[in-house]
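K.L.:
coords below, sequence missing:
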């Protein structure tokens, strides 16, 4: 029998702190040394071939300058990184990516929270509102992008006409900031349902007794929300923050690709789009790999910083 | 407890309009002819050309080789969605079982190796992944379409969390009855996980169906095009045409969004449960 404690890493996912640094996955376990390998083998094989191998290749080819016609590669050290970080274009795109990420994350979280708070409050029609608000979750980013293209179409788009009434000559696909506006709107629209689902389930997890106590203590609805409900939602919000940043950085690729229609020249693009564009269009394999590695580092740093830094300020109920 | 006010309903109605109206417009407009749309803009009422447009989109031989129809793309999307979901459930359930129910060396190391895959999405290693696929000769194949997407640990974590919540007494009882690891998995754990599997299936089906970048790179052969790839195609044809086929583009968008939206709406309860409970 194997009742001994076993040190599998803690059950620690985003934002949840485990009581002890190391806890066993199970008190009771099978004690066969080889069998678990058999169960893990398929997953490990896929991860090695399609995760670790390409990641290692990205790192190694970022130090090489590859001949575009396939005649070998020469070691160039950190040149690819220097080229990327030194170029004005790269910095401009990085700046836009930062701006885009902040705006998309902020609006999707804000709207998701607002809708969830209201949907939690009403009783009549609650399930209809909920169904309507989550249905868009299942729409793929490129489809959202295509629909956005139509709504912002120069010729038939109602948004363009609407903007025209206010003297705004909106030219999506031509004017840099008009395109950025359309991209942000589509990206936010696509992401609100996800945040809505999580905030609503977070709100519904707050016990009635806590809410009633808060009503007695504080008459002002907004203050009550800010001081009693919001801290209880902090773990959810913290988890969503990371997910939303990742979404804005990576998953919006399809929205951007559809909306700039292969003409990134004068249009706003994000860093992921540039990795793709330089690698597959420009055939600059080393440069594209270096940019991939930079993005990997950004994601890793972001995750670690948030784990260490934000976690301390989050109140766990 | 707080009473709801008309103001709350107002916000929710505006929210619903904001989320749903674009979809309604897309559905309605797709039933009008391209010329009508060109002249009058988008529609909020149904038109009379729906049958025609959808039949064209589903059956017309498109593309450069004339080998791809809307039906074919839909079938490919379905294969990708279902293949991905099933593959993910099988791989991650086995891996989670190995991690949770066994005592063996390197378990911690393996856990972290799998965990790391959560940190880096496919998009940041897209170029080398493509090169790996090409050197394995897997371009333009269903294997190449599905298997690389499985290289992430989300499903493993869902199942791991779930297995940990299963009472220990079950394993003790099963062992007293003489059940080995395979029997325990098959007769106890899998029946217990049915709801969880359904929830993960829905999430993963939607994820697989909606894949865009990877299928776009992997498939140059039009027989393997998915609906998402078709959307890119229709926009490329669009540039430079006199009256763009707005109706067909909308119809394609509706075909691409209807299956996942229906799945999520119909199985809403499982879907939300799977999504929120396993992510905490």
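P.N.:
Ah, there it is. Nothing here was measured: the structure is a model prediction, and the numbers come from that model.
K.L.:
relative to residue A:280, how far out is residue A:77?
P.N.:
25 Å (Cβ to Cβ, to the nearest Å). To be clear about C-beta, it is placed using only N, CA and C from the backbone, and glycine gets the same treatment.
K.L.:
neighbour count: those two, which is higher?
P.N.:
residue A:280 (16 against 10; other Cβ atoms under 10 Å in any protein chain shown).
K.L.:
quick one: furthest residue from the center of chain B?
P.N.:
Residue farthest from the centre of chain B, counting by Cα atoms, centre = their mean, is residue B:176 at 41.5 Å.
K.L.:
where does the stretch 151-300 of chain A dip in pLDDT?
P.N.:
A:262, A:264 (pLDDT under 70).
K.L.:
where along it do the helices fall?
P.N.:
For the stretch 151-300 of chain A, the helices defined by DSSP state H, counting those that start in this stretch occupy A:158-165, A:176-204, A:208-217, A:221-224, A:230-246, A:253-260, A:271-276, A:285-305.
K.L.:
would you list those in JSON lines and tack on distance to chain B?
P.N.:
Converted to JSON lines, these look like this (distance: least, Cβ to the nearest Cβ, whole Å):
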{"stretch": "helix A:158-165", "distance to chain B": "6"}
{"stretch": "helix A:176-204", "distance to chain B": "4"}
{"stretch": "helix A:208-217", "distance to chain B": "7"}
{"stretch": "helix A:221-224", "distance to chain B": "7"}
{"stretch": "helix A:230-246", "distance to chain B": "7"}
{"stretch": "helix A:253-260", "distance to chain B": "4"}
{"stretch": "helix A:271-276", "distance to chain B": "5"}
{"stretch": "helix A:285-305", "distance to chain B": "5"}
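K.L.:
need those in a markdown table (columns: distance to residue B:28 and mean neighbour count).
P.N.:
Formatted as a markdown table, the helices of the stretch 151-300 of chain A follow (distance: least, Cβ to Cβ, whole Å; neighbours: other Cβ atoms under 10 Å in any protein chain shown):
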| stretch | distance to residue B:28 | mean neighbour count |
| --- | --- | --- |
| helix A:158-165 | 13 | 14 |
| helix A:176-204 | 18 | 22 |
| helix A:208-217 | 42 | 12 |
| helix A:221-224 | 39 | 12 |
| helix A:230-246 | 31 | 20 |
| helix A:253-260 | 21 | 24 |
| helix A:271-276 | 32 | 24 |
| helix A:285-305 | 40 | 20 |
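K.L.:
what count of nearby residues applies to residue 112?
P.N.:
Here I'm looking at chain A. 26.
K.L.:
not quite, I wanted chain B
P.N.:
For residue B:112, using other Cβ under 10 Å, the count is 10.
K.L.:
am I right that it falls within a helix?
P.N.:
Yes. Residue B:112 forms part of a helix when assessed by DSSP: H, G, I helix; E, B strand; the rest coil.
K.L.:
can you check the pLDDT for it?
P.N.:
pLDDT, residue B:112: 85.
K.L.:
separation between it and residue A:72?
P.N.:
36 Å.
K.L.:
would you agree residue B:95 is in contact with residue A:40?
P.N.:
Yes. If you go by Cβ atoms under 8 Å, residue B:95 and residue A:40 touch, sitting 5.1 Å apart.
K.L.:
list residues touching both of the two?
P.N.:
Common contacts of residue B:95 and residue A:40, defined by Cβ atoms under 8 Å, 6 or more residues apart in numbering or on different chains, are absent altogether.
K.L.:
which one of the helices of the stretch 151-300 of chain A lies closest to residue B:270?
P.N.:
helix A:176-204 (12.8 Å; Cβ to Cβ).
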